[in-house]
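1. Generate a structure from the sequence data that follows.
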Amino acid sequence: MSMTVEQRPSTGDLHGAFEQLMYVLTSTEQASASNFKFRYIADLYVGGVLVSRVKVFPNTAGAGVFRVDKLIQDHMSATNAYQGATAGTEVQLYTIHNTGGVTGATDKVFSNNNGETFRKVEMKFGQEYAASATADPTVYLNQITGEFLQVIMTAGLQRSITWDDGIDNYLTLSGWIGLFTPFNFRALFLSDRRTENTQGFTSNLVSSITPILIDVDVDSPYTLAFLNDSSAPTSSILKSIYVALYDASDSLLDSRNFIPGTDGGTENTSVSTDQGRLQYFGCGPGNFDTQTVDTTFRDFFVNNQVSYYELCGVTGTSTTPSSTGDLTTTVYRFNINQCKSIYQDAGYPKMTVAWQNSFGAWDYQIFRLRFNYSDTIKRKTFDQVAGNWDTTDAAQDFQFRGAQGGTRVAKVEAHQELTATTDLLQDSDVAILETLMLSPQVYLLSENGGLAVVPIVVTDTSFVKKRRVDERAPFLYQIKFKYAKPRPTTKGGTFSGLS
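-> Model prediction:
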């Protein structure tokens, strides 16, 4: 009995779970004229457990062709809750966006993923056939084992040429996720913000680097996800994330190396599960001003002394980056915006929107300008018959109140909607807004007795990519959202009798 894998996804690359992943197999038993009802079998194992089995008939060439990404996708999900060092009911109550500020875990600025944002899965293959046309087929499982694939929640939106733009062929750019593996100064975090700033400034840390600019407020939550396994195919060499704080005069206030494994999460050489292979770093002002890993560092945020800060992955646990050789990622600069626009709505606070980005991690955008609320309302009505029809008798006259009868409302259903306006945006911000429009999970972050996470839905059905060639930058966008949960409403009651 002999089965052969003729084609497989590259085991040397990390793959997108929502990109095509193909296996092609052949079998000497399929070619035999004495075998009937032949089918190839593919088994998907997640965490060592069989979760899916598919059987296919041979194609006209006698091969079995499996598209296994369709099997894997049902076992992927974004990480919404802070995972902490140990699993439990308490830590699951807190959002991933508040990493560093979680009650009882303020000494943890890193969080593992939930074990479903990154998956290492195994494919096993077998076959079945019968000895005659009338006999039941015999199943032969596990003829090929050890076909491991590592995947993250992406469909390839950040490929340099996306699938819909017309790639050369199926194998084109199969290793594109390597750009997001922390192993040199060109590598990126798992964020769709990947365009260097267009303002012309360079990094304070490494002058040859043009940093990626992120605009935040003094209390903004923010997380950056990163790949964390030192083993292939990820091969991450990130040992810490270096953060340097600056005031408005560009003077260094403080700096620190935050270390996975020591400050939460898992160290890259200690990774043994899917949870540790992708991690989150709580790196917004709203994360830093509550963490207790370094209270001196924290107090610069608490006292509003920080004008901006830069961060990057580095090769050591105490490395102060001064050259590209020290870096495992490029540099990100967070500008803290403390200004108010004359167009900002004084009656409502700013809005921070978080959404599942094209990697299954999170990106964020602040909407500071005016926004409008409205309600969409549906009413379920009926026609009420006035009077005491069912109780009138010799002792009680027929009667009704003038308020009875006519069309009445049995139930009201309402959803709150809002139209939000962005700040003035540059070209790079336009690209990030497209990923918001394409996201399956969008949340409104607000401070209501802690960090509240409100599910919302983007209701716009089109998106215009504004460019400098079409109109003068910077750009304004208005985006429409609907609250996922209905407004609190009541019923009118039974409407019975005269009461």
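2. Can you list the buried residues in stretch 413-427?
-> Neighbour-count burial for stretch 413-427 flags 415, 416, 417, 418, 419, 420, 421, 422, 423, 425, 426 (criterion: 16 or more other C-beta atoms under 10 Å). The C-beta positions use only the backbone N, C-alpha and C, and glycine is treated the same way.
3. For residue 346, report the pLDDT, please.
-> Per-residue pLDDT puts residue 346 at 61.
4. any idea where the helices of the stretch 251-400 of the chain begin and end?
-> For the stretch 251-400 of the chain, applying DSSP state H, counting those that start in this stretch gives helices covering 274-277, 285-288, 295-302.
5. and if you look at the stretch 1-150 of the chain?
-> Going by DSSP H, counting those that start in this stretch, the stretch 1-150 of the chain shows helices at 69-72, 89-92.
6. Rank the helices and strands of this protein by mean pLDDT and give me the bottom one.
-> Each helix and strand of the chain was given a mean pLDDT (mean pLDDT, DSSP states H and E); the minimum falls on helix 89-92 at a mean of 52.
7. Go through the helices of the stretch 251-400 of the chain and name the closest to residue 216.
-> Among the helices of the stretch 251-400 of the chain, helix 285-288 comes nearest to residue 216, with 5.9 Å by C-beta to C-beta.
8. The closest one packs against which elements?
-> helix 295-302 (3 or more C-beta pairs under 8 Å, 6 or more residues apart in numbering; DSSP states H and E).
9. neighbouring contacts of the helix it packs on?
-> Contacts to helix 295-302, defined as C-beta atoms under 8 Å, 6 or more residues apart in numbering, come from residues 218, 243, 245, 253-254, 256, 285, 288-292, 306.
10. which regions of the stretch 51-200 of the chain sit below the pLDDT cut-off?
-> 85-92 (pLDDT under 70).
11. Tell me how many other residues crowd residue 485.
-> 10 (other C-beta atoms under 10 Å).
12. brain fart, residue 15
-> 25.
13. so which strand or helix has the closest residue to it other than its chain neighbours?
-> Among residues not flanking residue 15 along the chain, residue 151 sits closest, at 4.9 Å (C-beta to C-beta, 6 or more residues apart in numbering). Using DSSP states H and E, residue 151 falls within strand 138-152.
14. Pull that strand out as CSV, backbone CA atoms only.
-> Listed in CSV are the C-alpha atoms of strand 138-152, where the atom choice follows Å, rounded to 0.1, in the frame of the first residue of the first chain:
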residue,chain,number,x,y,z
THR,A,138,-12.5,-0.9,3.7
VAL,A,139,-11.0,2.2,5.3
TYR,A,140,-7.2,2.6,5.6
LEU,A,141,-6.5,5.7,7.7
ASN,A,142,-3.2,7.4,8.6
GLN,A,143,-1.3,6.3,5.5
ILE,A,144,0.4,9.7,5.5
THR,A,145,0.9,11.6,8.8
GLY,A,146,3.0,14.4,10.2
GLU,A,147,1.8,17.0,7.6
PHE,A,148,1.9,20.0,9.9
LEU,A,149,0.7,23.5,8.8
GLN,A,150,1.0,26.7,10.8
VAL,A,151,-1.6,29.4,10.0
ILE,A,152,-2.9,32.8,11.2
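15. partner strands of that strand, parallel or antiparallel?
-> strand 15-16 (parallel), strand 118-130 (antiparallel) (DSSP bridges).
16. re earlier: farthest pair in the buried residues of stretch 413-427?
-> Greatest spatial distance in the buried residues of stretch 413-427: 415 and 426, 33.0 Å, computed using C-beta to C-beta.
17. Now for the closest residue to residue 368 other than its chain neighbours, how many residues are close by?
-> Closest residue to residue 368 apart from its sequence neighbours, by C-beta to C-beta, 6+ apart: residue 350 at 4.6 Å. Using other C-beta under 10 Å, residue 350 has 19 neighbouring residues.
18. before we move on, the earlier item: and among the helices of the stretch 251-400 of the chain, the most buried is which?
-> Stretch with highest mean neighbour count among those: helix 285-288 (a mean of 25; mean count of other C-beta atoms under 10 Å).
19. quick check, distance from that one to the centre of its chain.
-> Its chain's C-alpha centre lies 20 Å from the corresponding centre of helix 285-288 when counted by C-alpha atoms, centre = their mean, to the nearest Å.
20. neighbouring contacts of that helix?
-> Outside helix 285-288, the residues touching it (C-beta under 8 Å, 6+ apart) are 98-101, 109, 216-223, 243, 282, 297-298, 301, 306, 334, 336, 451.
21. which other helices and strands contact the helix or strand that contains residue 420?
-> Using DSSP H and E, residue 420 maps to strand 406-421. If contacts are counted by 3+ C-beta pairs under 8 Å, 6+ apart, strand 406-421 sits against strand 372-384, strand 478-483.
22. Determine which of those shows the lowest mean per-residue pLDDT.
-> Ranked by mean pLDDT, those bottom out at strand 372-384, with a mean of 89.
23. by how many degrees do that strand and strand 478-483 diverge?
-> Here the directions of strand 372-384 and strand 478-483 differ by 40 degrees (axes from the mean of the first three to the mean of the last three C-alpha atoms, to 10 degrees).
24. partners of strand 372-384, with directions?
-> For strand 372-384, using DSSP bridges, the partner strands are strand 406-421 (antiparallel).
25. How about residues contacting the next helix or strand after the partner strand?
-> Next helix or strand after strand 406-421 toward the C-terminus (DSSP H and E): helix 427-437. With contacts defined as C-beta under 8 Å, 6+ apart, helix 427-437 is touched by 157, 192-193, 195-198, 213, 353, 355, 357-358, 363, 365, 422, 425, 442, 458, 460, 463, 465-468, 473, 475, 477, 479.
26. Just the buried residues out of those residues, in ChimeraX syntax.
-> Listed next is the ChimeraX selection for buried residues among these, using 16+ other C-beta under 10 Å:
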select :157,192,193,195,197,213,353,355,357,358,363,365,422,425,442,458,466,475,477,479
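27. Go through the contacts of helix 427-437 and flag which are in strands.
-> 213, 353, 355, 363, 365, 442, 458, 479 (DSSP state E).
28. Many thanks, I have nothing further to ask.
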